[in-house]
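In: structure, please.
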Amino acid sequence: MTGRPLPQPTLASAEFWRSGADGTLHITHCADCGRHVHPPLPNCPSCRSRSVALAPVSGRAVVVGFSVNHQTWLPEFPPPYVVAVVALAEDDRARLTTNIVGCAPEDVHVGMRVRVRFEEHGDVHLPLFEPDVADTAPGPLPEPRAIRAPARASARKYEDRVALTGVGQSQVGRRLMVDPLSLTVDACLAAVEDAGLELDAVDGLSTYPGPSPDGMSEGGVTALTEALGLRPAWVNGAREVPGQIGSITAGMLAVAAGLCRHVLCFRTVWESSHSALTRSGQWQTPQNARATGMFEFRAPFGALSAAQWIGCHASHYQHRYGVGREALAAIAVTTRANAARNPEALHRAPMTLDDYYAARMVTTPFGLYDCDVPCDGAVAVVVSAIETAYDRPRPPVLVEAVGTAVSERLSWDQDTLTHLPQAQGPSAHLWTRTDLTPADVEVALLYDGFTFNALSWIEALGFCGPGEGTDFIAGGKTIALDGELPLNPHGGQLSAGRLHGYGFVREAMLQLRGTAHGRQVAGARTAVVTAGGGVPSGAMLLRRA
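Out: Residues are numbered from 1 along each chain as shown. The predicted structure is shown next:
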């Protein structure tokens with residue numbers, strides 16, 4: 001296959017990328033406990049021994065998840081092609097994201113036995129995998145690992161010391177061609193007014209992810225302080241937090257610690273305009289740069305989108321539990337029906353099951369309506385000290401519990417396969433911090449970057465057991481606005497637009513205030529919110545005052 005982005009070998013990985021020159025796959029191996037590890041690490045994550053080094057392996061593996069890509073991400077890397085996660089025969093904890101070659105895409109399946117073959121690109125030898133004609137029996141799959149919630153660290157809860165007192169949203173749309181900082185200012189001013197505050201009362205700022213060049217930020221704390229002339233006592237702008245709403249959690253911790261009294265949390269995206277500018281040539285991007293960071297072990301195989309990474313998990317889930325796309329279809333159709341009641345939603349036209357199944361495939365098992373809608377917009381939330389909350393003009397939304405635990409490897413391919421990575425840890429953690437249970441939740445605002453994300457959260461939060469989501473959803477009956485667990489009444493990111501986590505917090509606040517006009521869940525008193533399309537992620541349990 002031509003046109004592959006090549007990895008940038010690092011001081012840690014250069015030996016791995018060179019090692020295939022002899023036609024043998026080499027994987028980091030622990031001399032003390034025998035574990036194989038990928039990508040290369042300086043020590044063993046199991047026994048923490050430093051006695052690790054690249055060692056030859058058989059090159060045989062089993063496909064444990066895959067996605068047949070149908071969308072062109074790079075013109076030089078044409079579809080269809082298969083992105084797969086394969087587990088080594090020697091140790092199924094060591095996995096590679098790769099391509100399956102040497103067979104038709106439709107012949108690839110979970111459990112398929114494969115063997116390595118290398119593609120040389122100068123100093124880089126890319127490990128691809130082809131069917132193992134010597135062994136066609138289905139291969140074993142890794143067993144799901146039990147997730148343990150951390151023990152409660154203290155009887156005191158920081159959640160009890162804070163409240164959400166204000167929320168605001170800018171204009172939201174496709175290709176607005178509006179300065180993203182202007183969108184941020186609109187949302188922030190609206191949130192501060194909603195909380196009944198003056199700007200000078202804001203003494204903390206928190207955002208996700210901070211400055212980002214790819215349509216995912218307005219410039220962060222620095223840009224907003226300049227625009228509004230703020231002088232906060234505390235600030236936060238970071239990417240490695242528990243999901244996008246981890247920036248709100250950080251604000252809660254700052255308030256609970258007494259660092260500030262009113263933290264303005266904000267999140268802005270302008271993906272839609274950024275994409276249009278890039279396509280037109282008005283926005284220049286680096287060309288022919290080698291893949292670095294998290295893309296070093298993905299981009300060379302055309303695995304450029306979270307759709308492909310999560311598609312591998314979805315295929316594993318479907319194989320393990322013997323289900324098809326029924327639950328995914330029900331989530332997409334139900335949230336579109338909800339969006340029809342929301343005048344702010346980007347996609348409000350009716351959608352049927354026939355429409356869902358007839359839509360073009362993006363990357364299996366995801367079709368067009370399994371994927372959320374990139375947009376431009378901003379949302380802001382005010383976190384206040386609890387002793388000030390009842391002085392505000394609108395009822396505060398109280399924070400019952402927050403789940404942030406990391407209980408799996410922070411990886412898209414090295415740990416959880418059955419569900420979206422990092423949904424289970426925060427979910428288990430959430431329930432250790434409250435006496436409430438899943439039965440007490442009256443509305444669910446669950447991150448739906450893809451339909452499978454929402455399905456994973458439903459199961460991880462304990463609304464049903466692993467693999468039981470299709471029966472629980474019951475074709476959409478359970479998750480409808482008048483169902484047992486109303487899901488994303490505003491339309492979620494699938495239909496309302498990808499406001500990257502913060503849109504769910506806003507909708508939860510409107511629902512708990514009783515002001516979600518046209519789509520109000522009757523008597524909603526408790527809402528669960530999740531965010532993070534993968535790693536890391538977080539969950540919140542909110543309640544009406």
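In: contacts for stretch 297-310, please.
Out: Stretch 297-310 is contacted by residues 1, 4-7, 39, 67, 69, 71, 73-74, 77, 81, 83, 96-99, 124, 126, 128, 291, 295, 362-363, 366, 371, 412-413, 420, 449-450, 452-453, 533-534 when judged by CB atoms under 8 Å, 6 or more residues apart in numbering. Where you see a C-beta, it was placed from the backbone N, CA and C, and this is true even at glycine.
In: now swap in stretch 424-433 and tell me
Out: Stretch 424-433 has contacts (CB under 8 Å, 6+ apart) with 147-152, 157, 159, 242-243, 400-408, 416, 437-438, 457, 460-462, 528, 530, 532, 537-541.
In: how about the strands in the stretch 1-150 of the chain?
Out: For the stretch 1-150 of the chain, the strands identified by DSSP state E, counting those that start in this stretch occupy 26-30, 36-37, 52-56, 60-69, 81-88, 95-99, 113-121, 124-131, in order along the chain.
In: re earlier: show the buried residues in the contacts of stretch 297-310.
Out: The neighbour-count test (16 or more other CB atoms under 10 Å) applied to the contacts of stretch 297-310 identifies 4-7, 39, 67, 69, 71, 73, 77, 81, 83, 96-99, 124, 126, 128, 291, 362-363, 366, 371, 412-413, 420, 449-450, 452-453, 533-534 as buried.
In: from what I see, Ala12 and Pro42 are in contact.
Out: Yes. In terms of CB atoms under 8 Å, Ala12 counts as a neighbour of Pro42; the distance is 7.2 Å.
In: neighbour count winner among these two?
Out: Ala12 (13 against 8; other CB atoms under 10 Å).
In: so what's the nearest residue to the more buried one once chain neighbours are set aside up against?
Out: The spatially closest residue to Ala12, leaving aside those adjacent along the chain, is Pro40, at 5.1 Å (CB to CB, 6 or more residues apart in numbering). With contacts defined as CB under 8 Å, 6+ apart, the neighbours of Pro40 are Ala12, Ser13, Glu15, Phe16, Thr28, Leu54.
In: report pLDDT for the fifth one.
Out: Think Thr28. Per-residue confidence (pLDDT) for Thr28: 98.
In: and if you look at the fourth one?
Out: Phe16 is assigned 98 on the pLDDT scale.
In: in the lowest-mean-pLDDT helix or strand in the chain, what counts as buried?
Out: Comparing every helix and strand of the chain by mean pLDDT, DSSP states H and E singles out helix 271-280 as the least confident one, with a mean of 89. Neighbour counts over helix 271-280 (16+ other CB under 10 Å) mark Glu271, Ser272, Ser273, His274, Ser275, Ala276, Leu277 as buried.
In: let's have these in JSON lines, adding distance to Gly20.
Out: Putting the buried residues of helix 271-280 into JSON lines (distance: CB to CB, whole Å) gives the following:
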{"residue": "Glu271", "distance to Gly20": "36"}
{"residue": "Ser272", "distance to Gly20": "40"}
{"residue": "Ser273", "distance to Gly20": "42"}
{"residue": "His274", "distance to Gly20": "36"}
{"residue": "Ser275", "distance to Gly20": "35"}
{"residue": "Ala276", "distance to Gly20": "40"}
{"residue": "Leu277", "distance to Gly20": "39"}
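In: of the residues you listed, which is the nearest to Asp22?
Out: Nearest to Asp22 among the buried residues of helix 271-280: Ser275, at 42.5 Å, using CB to CB.
In: residues contacting that closest one?
Out: Gly215, Pro374.
In: from Ala89, how far out is Asp132?
Out: Taking CB to CB, to the nearest Å as the criterion, Asp132 is separated from Ala89 by 9 Å.
In: okay, and the common contacts of those two?
Out: Shared contacts of Asp132 and Ala89, counting by CB under 8 Å, 6+ apart, come down to Arg60.
In: tell me where the stretch 251-400 of the chain has strands.
Out: For the stretch 251-400 of the chain, the strands defined by DSSP E, counting those that start in this stretch occupy 262-270, 361-363, 366-367, 376-385, 397-403.
In: which one, of those, ends up nearest to Ala345?
Out: Ala345 lies closest, by CB to CB, to one member of the strands of the stretch 251-400 of the chain: strand 376-385, at 11.7 Å.
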